[in-house]
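Q: Here's a sequence, model it:
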Amino acid sequence: MALPVAFFAVFFAYPVAAIVARGLKADGAWQFGRIGDVLAQSDIRHVLWFTTWQALVSTVLTLLIALPGAYVFARFDFRGKQVLRAVVTVPFVLPTVVVGTAFLALVGRGGLLDQLWGVRLDTTVWAILLAHVFFNYAVVVRTVGGLWSQLDPRQEEAARMLGASRFAAWRKVTLPALSPAVAAAALMVFLFTFTSFGVVQILGGPTFSTLEVEIYRQTSEIFDLATAAVLTMIQFVAVGAILVVHARTVRRRETALRLVAPETTARRPRGAGPWALLAGVLASIVVLLVLPLGVLVQRSLDAPGGYGFAYYRALASADGGIFLVAPIEAIGNSLEYALAATAIAVAIGGLAAAALTRRNTGRLVRGFDALLMLPLGVSAVTVGFGFLIALDKPPLDLRASWILVPLAQALVGVPFVVRTMLPVLRAVDGRLREAAAVLGASPWRVWREVDLPMVRRALLIAAGFAFAVSLGEFGATVFIARPDNPTLPVAVARLLGRAGDLNYGQAMALSTILMVVCAVALLLLERVRTDRTGEF
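A: Predicted structure coming up:
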């Protein structure tokens, strides 16, 4: 536990505490009265209200649309299932700025809806809600579908034989067993939409603002650190409460059920009903997930002189004045940063997961499990700005160091490593470790020869997810990426912030490149995926 605790203390707790202290301290004394002053502002209360209700609506919509997909992936066996699973997961690992860009190409000015029917949904709440469904569909499919595939279908069949209707059997047998997974998925979707940044910033315009967007605006545009600090504390408390409830639902899901092997529950669809359900789910995936990505690719190729790679070729030029280097260099920068962040995340997350699997863990260690998830919900903007404020003095003067970006990205990657590794490590029979130790093996040799062969595939999955998530991190990186070393998401955001068809086309081209890299990574992960590799 020592290294993970030290890592989170130095690179998470310290920067967040530093920026909160900078905003709420004056002449060495805490000014807690500022909290009331900030909450008394009508525009801040409007931001809090919008943040909450849009997260609730986004969560309900995502559950309604994605639960049929979770059933299809859990119970049906059909050709192309692995590829489709990867396609469904691509939006989740895409940076939110790219998700916003994809929907901007679909519903914005000159988008597909505008061209066909003259309808524009950008700067409306509907664009934000649909983008949130697009982003979080995979959370429900993987979290709920993963458990659903391991529920014994014979229990529901027995209820049917005793006279229950199909719906009654599902409601009284399957739904109670699924409720912990549904609750866990709903909480994660609510967390991601409650802290939404890139999607709201691009699609909401000046009309809509979540807590995360308002923290960014107060920090980087208005320079009101007091208001930003108060909003950070509010978001921190809300996220902490969500994660405590989430941790309890996860523990309930892990201990309350007797599960079977997933390969024994999936069958080929039989009859008109199952085939109609499969067709409906496929249609919803095409419309909600594939279409925005397809339009993104189409807009990246739609140059003024006709379809071609003009926007991609323009990435090699720095004539636009937005960057000190050619935008195409952001690709190499992102890959280098993501590889370094993946190494850090796997090391820290692997150690934390190993500690959490020990049977004699106390309440303090179990509480650290929830703490590891905090970087997913606490303002990445606060973390990024906190890096600049806190890590500016020896021995932690890192503001000019390249390692600052991978450290910020690793904070987001660690939770995915932990959640991927935990179920597999907990499945390793502890008696195997004990037998190796009795035969004289050192702890290192026990790990190398007992644990590692069993968790190697899960370790690859964890590394792949950490790489994809690190590649798309935006909230913190936008503050600390240097102008001569931009990352892909930062480059996309800067290009979208400038007027002109060339800048817009280059943003679409960079977004397409990032999408392809993430899709390839996920397709490779599906080939080594195990059925116990984590919640995501």
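Q: same for the host helix or strand of residue 51, what does it pack against?
A: Applying DSSP states H and E as the criterion places residue 51 in helix 42-75. With contacts taken as 3 or more Cβ pairs under 8 Å, 6 or more residues apart in numbering; DSSP states H and E, helix 42-75 sits against helix 81-93, helix 125-148, helix 175-194, helix 211-216, helix 225-255, helix 272-285. Yep, even glycine has a C-beta here, placed from its N, CA and C like the rest.
Q: Report the buried residues of stretch 51-61.
A: Going by neighbour count (16 or more other Cβ atoms under 10 Å), the buried part of stretch 51-61 is 51, 54-55, 58-59, 61.
Q: quick one: average confidence on it?
A: Mean per-residue pLDDT for stretch 51-61: 94.
Q: Run through the residues that contact the nearest residue to residue 57 once chain neighbours are set aside.
A: Leaving aside its sequence neighbours, residue 57 sits nearest to residue 129 (Cβ to Cβ, 6 or more residues apart in numbering; 6.1 Å). By Cβ atoms under 8 Å, 6 or more residues apart in numbering, the contact set of residue 129 is 54, 57-58, 61.
Q: any idea how far residue 60 is from residue 129?
A: 10 Å (Cβ to Cβ, to the nearest Å).
Q: Then residue 333?
A: Taking Cβ to Cβ as the measure, residue 333 falls 39 Å from residue 60.
Q: go on, residue 163?
A: The value you get for residue 163 to residue 60, if Cβ to Cβ is used, is 33 Å.
Q: go on, residue 39?
A: On the measure of Cβ to Cβ, residue 39 and residue 60 end up 27 Å apart.
Q: same thing with residue 456?
A: In terms of Cβ to Cβ, residue 456 sits 39 Å off from residue 60.
Q: Then residue 501?
A: Counting by Cβ to Cβ, the gap from residue 501 to residue 60 is 38 Å.
Q: Likewise for residue 247?
A: Distance, residue 247 to residue 60, by Cβ to Cβ: 23 Å.
Q: for residue 274, same thing?
A: From residue 274 to residue 60 the distance is 26 Å (Cβ to Cβ).
Q: Residue 249 now?
A: As judged by Cβ to Cβ, residue 249 and residue 60 stand 17 Å apart.
Q: do the same with residue 430
A: Taking Cβ to Cβ, one finds residue 430 at 41 Å from residue 60.
Q: how about the strands in the stretch 251-400 of the chain?
A: 302-303, 306-307 (DSSP state E, counting those that start in this stretch).
Q: export these to JSON lines and tack on mean neighbour count, distance to residue 326 and mean pLDDT?
A: Output for these, formatted as JSON lines (neighbours: other Cβ atoms under 10 Å; distance: least, Cβ to Cβ, whole Å; pLDDT from 0 to 100):
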{"stretch": "strand 302-303", "mean neighbour count": "18", "distance to residue 326": "18", "mean pLDDT": "86"}
{"stretch": "strand 306-307", "mean neighbour count": "8", "distance to residue 326": "23", "mean pLDDT": "86"}
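Q: how about these in a markdown table, adding distance to residue 31?
A: Output for those, formatted as a markdown table (distance: least, Cβ to Cβ, whole Å):
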| stretch | distance to residue 31 |
| --- | --- |
| strand 302-303 | 53 |
| strand 306-307 | 58 |
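Q: wait, which of these is closest to residue 173?
A: strand 302-303 (51.5 Å; Cβ to Cβ).
Q: how about stretch 455-475 as CSV, C-alpha atoms only?
A: Output in CSV follows, covering the C-alpha atoms of stretch 455-475 (Å, rounded to 0.1, in the frame of the first residue of the first chain):
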residue,chain,number,x,y,z
VAL,A,455,-3.5,-12.7,-14.2
ARG,A,456,-1.4,-12.1,-17.2
ARG,A,457,-4.3,-11.6,-19.6
ALA,A,458,-6.1,-9.3,-17.1
LEU,A,459,-2.9,-7.3,-16.8
LEU,A,460,-2.8,-6.8,-20.6
ILE,A,461,-6.5,-5.7,-20.5
ALA,A,462,-5.7,-3.3,-17.6
ALA,A,463,-2.7,-1.8,-19.5
GLY,A,464,-4.8,-1.5,-22.7
PHE,A,465,-7.6,0.4,-20.9
ALA,A,466,-5.1,2.6,-19.1
PHE,A,467,-3.4,3.4,-22.4
ALA,A,468,-6.7,4.3,-24.2
VAL,A,469,-7.9,6.4,-21.3
SER,A,470,-4.6,8.2,-20.9
LEU,A,471,-4.5,8.9,-24.6
GLY,A,472,-7.8,10.8,-24.3
GLU,A,473,-7.3,12.6,-21.0
PHE,A,474,-8.3,16.3,-21.5
GLY,A,475,-9.4,18.1,-18.3
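Q: Next, the buried residues of it.
A: For stretch 455-475, by 16+ other Cβ under 10 Å, it's 455, 457-475.
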